[in-house]
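A.B. asks: model this:
(one chain, ligands or ions: 2)
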Amino acid sequence: MLKIYIISSLSDNYVYLLRNDEKKITSVIDPGEADPVIEFLNKKKWHLNEIINTHHHNDHIGGNDKLLEVYKSKLIAPSYNKNHISNVDIYVSENENLDIAGVFTEVIHTPGHTLGHVCFYMPEEKSLFSGDTLFYLGCGRVFEGTMDQMWTSLLKLRCLPDDTAVYCGHEYTLSNMKFAQYFDTNNALLNKVSLEIKNKREKGLPTVPFNLGVEKKINPFLRADDDNFLKSVSLGGNNATETFCKIRLKKDSF
Ligand code: ZN
Ligand code: FE
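C.D. replies: Ligands and ions are numbered 1, 2, ... in the order given. All right, here's what the predicted structure looks like:
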């Protein structure tokens with residue numbers, strides 16, 4: 001069983017430190033900066049075996065170089081980003097399997113936010129590292145891909161089991177929650193979850209990880225093909241992609 005530690009970084013990023021005590025392997029996912037990671041590892045007296053990147057944005061890879069210099073770790077990154085991320089040892093792409101921190105992991109290619117974006121799913125740990133594709137009650141902005149690609153990527157994540165714990169790249173939950181509530185006024189589950197979220201943020205606690213099964217019922221971006229939901233928010237569209245696009249654009253200017 002893996003231990004997953006959450007390290008806050010930059011203004012609202014989360015870096016995930018994975019520790020396999022049995023195999024004595026330590027890995028880090030999306031180190032936007034190196035110093036908080038080094039500080040944490042020093043306290044634990046752990047070496048850093050692996051660095052994993054979900055995509056090439058600087059707030060997710062900014063700490064790579066310094067960590068590589070200090071620990072000579074293995075760097076794992078999306079193959080699509082060959083020109084954006086340097087010193088990569090292992091490139092990964094859609095449907096590949098690999099061990100991360102000694103644990104079986106499936107790579108899910110989720111283009112949209114960036115074209116090369118990948119998520120990492122660990123079935124035995126029931127954990128998904130979703131980078132900037134799926135956020136708690138939200139999703140990443142569509143920068144490089146098309147709306148259709150982003151929607152298709154979110155559908156891939158929606159297929160994962162309900163009991164999956166999702167670890168996303170940013171603490172955007174409170175603002176995502178405000179949008180979801182404004183949009184979806186009569187959702188009892190959303191209202192209940194919103195109270196939990198507010199409580200956590202008032203105490204300065206992270207809202208991650210979150211449960212994928214619940215998310216499927218309350219995240220507007222996962223519900224662009226749910227007719228009941230669309231009726232209740234008076235939103236149409238000729239197909240799910242079009243509807244998804246409407247929700248994404250609404251959120252962009254919210
Ligand atoms: Zn990003
Ligand atoms: Fe980011």
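A.B. asks: residue 147 reaches residue 247, doesn't it?
C.D. replies: No. At 9.9 Å, residue 147 does not count as touching residue 247 under the criterion of Cβ atoms under 8 Å. Placement of C-beta: from N, CA and C, glycine included.
A.B. asks: neighbour count winner among those two?
C.D. replies: For residue 147 and residue 247, the more surrounded residue by other Cβ atoms under 10 Å is residue 247, and the numbers stand at 22 against 19.
A.B. asks: how far away is that one from residue 221?
C.D. replies: Note on residue 247: its distance to residue 221, by Cβ to Cβ, to the nearest Å, is 6 Å.
A.B. asks: what about the helices in the stretch 51-200 of the chain?
C.D. replies: All helices of the stretch 51-200 of the chain, identified by DSSP state H, counting those that start in this stretch, fall at 58-61, 64-71, 147-158, 173-183, 188-202.
A.B. asks: for ligand 2, find the nearest of these.
C.D. replies: helix 58-61 (4.5 Å; Cβ to the ion).
A.B. asks: which strands and helices sit next to the closest one?
C.D. replies: For helix 58-61, there is no helix or strand it packs on, judged by 3 or more Cβ pairs under 8 Å, 6 or more residues apart in numbering; DSSP states H and E.
A.B. asks: tell me the buried residues in that helix?
C.D. replies: Neighbour-count burial for helix 58-61 flags 59-61 (criterion: 16 or more other Cβ atoms under 10 Å).
A.B. asks: mind saving the C-alpha coords of stretch 163-174 as CSV?
C.D. replies: What follows is stretch 163-174, C-alpha atoms only, in CSV (Å, rounded to 0.1, in the frame of the first residue of the first chain):
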residue,chain,number,x,y,z
ASP,A,163,-14.4,4.2,-5.6
THR,A,164,-11.4,5.9,-7.3
ALA,A,165,-9.7,8.7,-5.2
VAL,A,166,-8.8,11.6,-7.5
TYR,A,167,-5.6,13.6,-6.9
CYS,A,168,-5.7,16.7,-9.2
GLY,A,169,-3.1,19.4,-10.0
HIS,A,170,-4.7,22.4,-8.4
GLU,A,171,-6.8,23.6,-5.4
TYR,A,172,-9.4,25.3,-7.6
THR,A,173,-12.3,23.6,-5.7
LEU,A,174,-13.9,26.7,-4.1
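A.B. asks: give me the below-cutoff pLDDT ranges for the stretch 151-254 of the chain.
C.D. replies: Across the stretch 151-254 of the chain, nothing is flagged by pLDDT under 70.
A.B. asks: and the gap between the residue of it found nearest ligand 2 and ligand 1?
C.D. replies: Residue nearest to ligand 2 within the stretch 151-254 of the chain: residue 169 (4.9 Å; Cβ to the ion). Residue 169 sits 7 Å away from ligand 1, going by Cβ to the ion, to the nearest Å.
A.B. asks: residues of the stretch 101-250 of the chain that sit close to ligand 2?
C.D. replies: Residues of the stretch 101-250 of the chain found near ligand 2 (Cβ under 5 Å from the ion) are 132, 169.
A.B. asks: repeat the analysis, applying 8 Å as the threshold.
C.D. replies: By Cβ under 8 Å from the ion, the residues of the stretch 101-250 of the chain that approach ligand 2 are 131-132, 140, 169-170.
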